Every structure is written in C-alpha cells, then in structure tokens.
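K.L.:
all I have is the shape, not the residue letters:
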Ligand code: OGA
Ligand code: MN
C-alpha cells in the first residue's frame with residue numbers, strides 16, 4: 001500500500017485557486033483504493049470518450065482485429081480456454097486515433113497526479129481493449145507475472161451502457177474474508193494493486209467491453 005500524503009485543496013475565495021476538474025475523479029479513485037484496496041470511480045471516463053472507445057472496439061471486432069487473449073508472460077504461453085476466453089487488442093499512440101490518444105492523455109494526467117500525491121514511481125503503462133463475448137469469463141488470477149513484476153497497478157475502464165444484474169459479467173474481487181462483485185458499467189474505472197488482489201470475471205451473458213491495463217515501473 002502506498003503512503004499517501006496528498007491534500008485535497010479547496011477553493012480559496014480570495015485567490016480562486018484552480019482545481020483541475022479531473023482531480024475530483026482522480027481523488028475518488030485513489031481515496032477508495034486506500035480505504036478498500038479497490039478504487040472505484042463511476043465517471044472516470046467521460047460519456048463521450050467511453051462511447052468512442054466502445055465504437056472503436058466494435059469496429060476492431062467487426063474487422064476481426066480482436067485476438068484471443070493468452071495467459072502467462074507476453075502471451076507466449078498459448079491461450080488456455082479453461083482460464084480465460086476474452087479477446088484483446090492493444091492501444092497504441094502510433095494508431096493516431098483521436099480517442100485512443102484522449103484516453104492516453106487522461107492516463108498521463110492520472111499517472112502524473114498519482115506519482116505526485118502518492119510517490120508511486122510509475123514510469124509506464126500498457127492498455128488493451130477487451131471483449132468478452134457471451135459466455136466468456138476469466139478465472140481467478142493475479143495480474144503480476146511470477147517472472148516479471150513490472151505491473152504495479154491494474155486499471156479497468158468499462159464501456160457497457162445499460163448493464164443489468166442478469167447480464168452477469170461482474171468483476172469479482174477476492175478480499176481476505178469476503179468477495180466484492182463490481183458491475184462493468186460504462187464510465188466506471190476500477191483500480192487495484194496487481195500483485196495483491198486475486199480477482200475473476202464471472203461468466204457474461206452478453207458482450208462485455210472494457211479498456212484494461214497496467215501501470216508499470
Ligand atoms: C484482466 C482482468 C477484469 C475485468 O484482464 O486481467 O482481470 O473486469 N480483467 O475485465
Ligand atoms: Mn486480471
């Protein structure tokens with residue numbers, strides 16, 4: 001757990017100190033992470049960005065660009081359907097896609113804020129689109145590889161509008177003495193330590209979309 005010495009600055013009426021609007025959701029994510037080991041911010045992605053990324057994902061899927069995800073280091077170990085059945089595509093600034101770049105801009109801001117307020121020393125990240133087709137899942141696992149501990153924090157942003165309980169597909173977090181089920185609602189971002197929390201994706205009853213990634217050092 002990081003030692004966090006950040007201060008939530010309030011508006012000073014005489015000086016009208018400027019608070020960056022993003023910092024509200026950054027603080028929500030970080031504060032809930034500190035309190036509960038899982039940070040959740042409901043509107044981390046704007047509605048527009050969430051929608052654009054979802055459209056990108058749908059296009060990639062239509063063009064058969066989404067590939068079956070592997071397990072283990074760098075996907076060298078072949079896909080194991082018994083463990084996970086999602087499909088992924090890595091985001092990259094080289095794609096020159098306006099919305100991917102907006103997402104990376106947001107993450108650059110967040111990482112800057114996190115490093116400044118929590119001394120986390122994050123130096124990089126990687127993110128992929130993920131699509132769980134109906135019936136897909138990801139069994140209980142940790143996100144840090146045994147042979148490579150560069151992944152420090154897991155960050156997942158969901159892109160699913162109108163998600164209801166019957167749709168399933170919850171992110172299930174295994175705490176020491178309890179489980180926490182999180183619905184993959186559009187705009188919501190979840191944040192936790194990659195080496196610490198075991199988690200799984202419960203079987204989804206309809207297509208489930210996200211941008212998932214890791215802050216690295
Ligand atoms: C993962 C993962 C969780 C989710 O991709 O490693 O655990 O809610 N995803 O999509
Ligand atoms: Mn995971």
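P.N.:
Here it is on my side, so go on. Predicted, not measured: the structure shown is a model, and the values here were computed from it. Ligands and ions are numbered 1, 2, ... in the order given.
K.L.:
quick check, residue 23 in contact with residue 116.
P.N.:
No - contact criterion C-beta atoms under 8 Å: residue 23 and residue 116 do not qualify, at 10.6 Å. Using the backbone N, CA and C atoms, a C-beta is placed for each residue, glycine as well.
K.L.:
compare these two (neighbour count), which wins?
P.N.:
Regarding residue 23 and residue 116, a neighbour count based on other C-beta atoms under 10 Å identifies residue 23 as having more, with 17 against 10.
K.L.:
partners of the helix or strand of the chain at the bottom of the mean pLDDT ranking in the sheet?
P.N.:
Sorting the helices and strands of the chain by mean pLDDT, DSSP states H and E puts strand 67-68 at the bottom, at a mean of 92. Paired neighbours of strand 67-68 in the sheet (DSSP bridges): strand 87-90 (antiparallel).
K.L.:
roughly how far is the partner strand from the heart of the chain?
P.N.:
14 Å (C-alpha atoms, centre = their mean, to the nearest Å).
K.L.:
ok, now stretch 172-186?
P.N.:
Stretch 172-186 has its C-alpha centroid displaced from the chain centroid by 14 Å (C-alpha atoms, centre = their mean).
K.L.:
would you say residue 135 is within a helix?
P.N.:
No - using DSSP: H, G, I helix; E, B strand; the rest coil, the assignment for residue 135 is coil, not a helix.
K.L.:
I'd guessed it sits against residue 203; true?
P.N.:
Yes - contact status for residue 135 versus residue 203: in contact at 6.4 Å, counting by C-beta under 8 Å.
K.L.:
between the two, tell me which one has more neighbours.
P.N.:
Neighbour count, other C-beta under 10 Å: between residue 135 and residue 203, residue 203 has more, with 16 against 11.
K.L.:
what's the helix or strand harbouring residue 154 packed up against?
P.N.:
Assigned by DSSP states H and E, residue 154 falls within strand 151-158. Packing partners of strand 151-158 (3 or more C-beta pairs under 8 Å, 6 or more residues apart in numbering; DSSP states H and E): strand 189-193, strand 208-216.
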